[in-house]
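Peer 1: below are the sequence and a predicted model; questions follow.
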Amino acid sequence: MPALVDDGAPGSLVLPDGRSIEFAIRYSTRARSARLRVGAREGLVVVVPAGLQRERVNLLVASKRDWIATKLDDIEAIRHLIPKVSPARPQAFDLPALAETWRVEYREMRRASVGAKTDQPGRIVVFGAISDVDACHAALRRWLARRAAEALPPWLERVAAQCGQQPAAVAIKNQRTRWGSCAASGRISLNCKLLFLPRELVRYVMVHELCHLVEPNHSHRFWAQVRRSEGTADHLHGQMRDAWKHVPPWAQRGSGTAL
Ligand SMILES: [Zn+2]
């Protein structure tokens, strides 16, 4: 059980100058007495011994109003010096499927959009309006799709030959919930986020979709076919259940964004 518990509901306080602020209350099983802290990012946080009544907390905080107001003013005075926290732009990432590590450099350029390109082996440059973090992530997702389009189709060809199958076509997508799919036309779609998975899981997804060319269902016959092509299919299938944990947040497609 965690020592610090946040009960969710913030408290509120009116400062001597009339400002109204909210504060977080954390109940601690370790705290012997109440502590107040004021930070630039989290504002006022009150840590109190577990079980302390809400009215007692409010009285305590109210008795420290002057101190809190001074602290908040101090922080306001230097706020412009504190770097803004934004959702992290990745500085580097691994693509285990290809045994590759990529460093990412960001270059501010006077243009409205953001692009990403391979600068040299192992290094990507993201350029343009790079203060737009979402646009940086989208540019990296487009780069990821291009890298997947280079790497996955020839890989699928090799696995297909091993399985004695031949897909009609291959498409690279950035599906949100599927690693791959197989259309009735024989076209196999692969998710570019497969590049974040260990090699054996990528191969498993390929085998799985290739077997759908013969058995477009999840029948016993289908699974028998998968096991013939991949001896540890059951184990790998189990690992796919939480495979999304391998994908970094920036690569997850947000709602309404392309790729
Ligand atoms: Zn399937």
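Peer 2: Perfect, I can see it now.

Peer 1: so Trp244 versus Val159, what's the distance?
Peer 2: Distance, Trp244 to Val159, using C-beta to C-beta, to the nearest Å: 22 Å. C-betas here are computed from N, CA, C, even on glycine.

Peer 1: for Gly11, same thing?
Peer 2: 59 Å.

Peer 1: which one of the two has more residues nearby?
Peer 2: Val159 (21 against 16; other C-beta atoms under 10 Å).

Peer 1: that one is in contact with Leu210, isn't it?
Peer 2: Yes - in terms of C-beta atoms under 8 Å, Val159 counts as a neighbour of Leu210; the distance is 6.6 Å.

Peer 1: helix/strand/coil for Ala9?
Peer 2: Here Ala9 is coil, with the state taken from DSSP: H, G, I helix; E, B strand; the rest coil.

Peer 1: count of neighbours near it?
Peer 2: 10.

Peer 1: which element is the nearest residue to it once chain neighbours are set aside on?
Peer 2: Closest residue in space to Ala9, ignoring its immediate chain neighbours: Ile25 at 7.6 Å, by C-beta to C-beta, 6 or more residues apart in numbering. Secondary-structure element containing Ile25, defined by DSSP states H and E: strand 20-28.

Peer 1: from Ala50, how far off is Val205?
Peer 2: 47 Å.

Peer 1: let me fix that, I meant to ask about Gly128.
Peer 2: The separation that Gly128 has from Ala50, given C-beta to C-beta, amounts to 50 Å.

Peer 1: where in the chain is pLDDT low?
Peer 2: Scanning the chain for pLDDT under 70 picks out 1-8, 41, 79-87, 253-259.

Peer 1: where exactly do the helices run in it?
Peer 2: With helices called from DSSP state H, the chain shows them at 54-63, 65-78, 133-163, 199-212, 220-229, 233-240.

Peer 1: in TSV, list those helices along with distance to Glu108.
Peer 2: Written out in TSV, the entries for the helices of the chain read as follows (distance: least, C-beta to C-beta, whole Å):
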stretch	distance to Glu108
helix 54-63	43
helix 65-78	25
helix 133-163	11
helix 199-212	35
helix 220-229	49
helix 233-240	40
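
Peer 1: which of the ones you listed sits most buried?
Peer 2: Highest mean neighbour count among the helices of the chain (mean count of other C-beta atoms under 10 Å): helix 199-212, with a mean of 22.

Peer 1: quick one: end-to-end length of stretch 186-204, please.
Peer 2: End-to-end distance for stretch 186-204, by C-alpha to C-alpha, to the nearest Å: 18 Å.

Peer 1: tell me what the strand holding Ile25 is packed against?
Peer 2: Secondary-structure packing of strand 20-28 (3 or more C-beta pairs under 8 Å, 6 or more residues apart in numbering; DSSP states H and E): strand 4-6, strand 11-14, strand 43-49.

Peer 1: residues contacting Cys192?
Peer 2: Arg141, Leu144, Ala145, Arg147, Ala148, Ala149, Leu152, Ile172, Lys173, Asn174, Leu259 (C-beta atoms under 8 Å, 6 or more residues apart in numbering).
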